[in-house]
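K.L.:
model the following, please.
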Amino acid sequence: IAEGDLAHAEDYNRQAIELEAKVGNPVETLLPRINAARIADARQQTSEAEKIFRSVIQAAEKLQATEAPGVMLEARGRLANLLVRTHRNREAEREFQLALTLIDARRSELTHYEYRISYLSSLVQFYQDYVDFLVAQNRGVEALKVAESSRARVLTEMLGGGPATPSVRPDDYRKLARVSQNILLSYWLAPARSFLWVVTPSRITTFELPPEAKVEALVKAYAGAIDGLHDTMREGGDAGQKLYEILVAPARQIGRAHV
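P.N.:
This next block holds a predicted model:
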């Protein structure tokens, strides 16, 4: 699906449906239906995709599938993205909020390893989509709050699950900047675009950064020069300078104002 080879994707998904029917696991039978919705969405069959996503959500609610919350999370997250693309932001916000409720309500540890991996994958994708949505709505401070809380939640899930992490208010970030007498930089790398939040005692400013792949390539190039014991000022190429321009330079003017 990601490569745009929808014919082969549909063929593999048809095979998955047949295999899941033989296995008879009601939770896992929902996964090919999510793929079917993604294929329909990729073909710009928006109404059909939305219909399938909603049917998956309805089926998951009836199953009360606490052992595989990733199915519900992925369905709601992808439905929210579809609603954003069709300019139905209020409905999209509702789906994002329902997904957050699901995340916060989950307490029990996932006993099946494959379910934990699936849930973590859905969790990371959801947070990336929601942060991007909030920034697009000019709600950068809220996006920072979601981004920071997501780090704690993902770490908690990697360690086996647990209670919801405490909510942090924007005022807490500004207070930390004031008490520490520092300017705080918070980074968020994502496939489509990344973000930097610059926190001072008086305000929080959001900057858009390049996609994760571009930043990662520069980091690897610069790290390679360091690992090779090169003088990065002379032999490290321009990776270090580019990293500075991308990651630090946007905050420079704000930093000068608070010197």
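
K.L.:
which stretches of the stretch 1-150 of the chain have low pLDDT?
P.N.:
64-68, 106-117 (pLDDT under 70).

K.L.:
80 instead?
P.N.:
Low-confidence segments of the stretch 1-150 of the chain (pLDDT under 80): 24, 63-69, 104-120.

K.L.:
for the stretch 151-259 of the chain, same thing?
P.N.:
Looking at the stretch 151-259 of the chain by pLDDT under 80, you get 156-170, 225-237, 253, 255-259.

K.L.:
and the helices in it?
P.N.:
For the stretch 151-259 of the chain, the helices defined by DSSP state H, counting those that start in this stretch occupy 170-180, 212-227, 239-247, 252-257.

K.L.:
for the longest one, list the C-alpha coordinates in CSV.
P.N.:
Spelled out, it's helix 212-227. Provided in CSV are the C-alpha atoms of helix 212-227 (Å, rounded to 0.1, in the frame of the first residue of the first chain):
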residue,chain,number,x,y,z
GLU,A,212,12.9,12.7,9.8
ALA,A,213,14.7,11.0,6.9
LYS,A,214,16.6,14.2,6.0
VAL,A,215,17.6,14.9,9.6
GLU,A,216,18.6,11.3,10.2
ALA,A,217,20.9,11.2,7.1
LEU,A,218,22.8,14.3,8.3
VAL,A,219,23.1,12.9,11.8
LYS,A,220,24.6,9.6,10.4
ALA,A,221,27.0,11.6,8.2
TYR,A,222,28.2,13.7,11.1
ALA,A,223,28.4,10.8,13.5
GLY,A,224,30.4,8.9,10.9
ALA,A,225,33.0,11.6,10.9
ILE,A,226,33.2,11.6,14.7
ASP,A,227,33.5,7.8,14.8
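
K.L.:
show me which residues of that helix are buried.
P.N.:
Using 16 or more other C-beta atoms under 10 Å as the test for burial, helix 212-227 gives 212, 215, 218, 221-222, 225. Where C-beta positions appear, they are placed from N, C-alpha and C, glycine not excepted.

K.L.:
ok, the first one next?
P.N.:
By neighbour count with 16+ other C-beta under 10 Å, helix 170-180 contains the buried residues 170, 173-174, 177.
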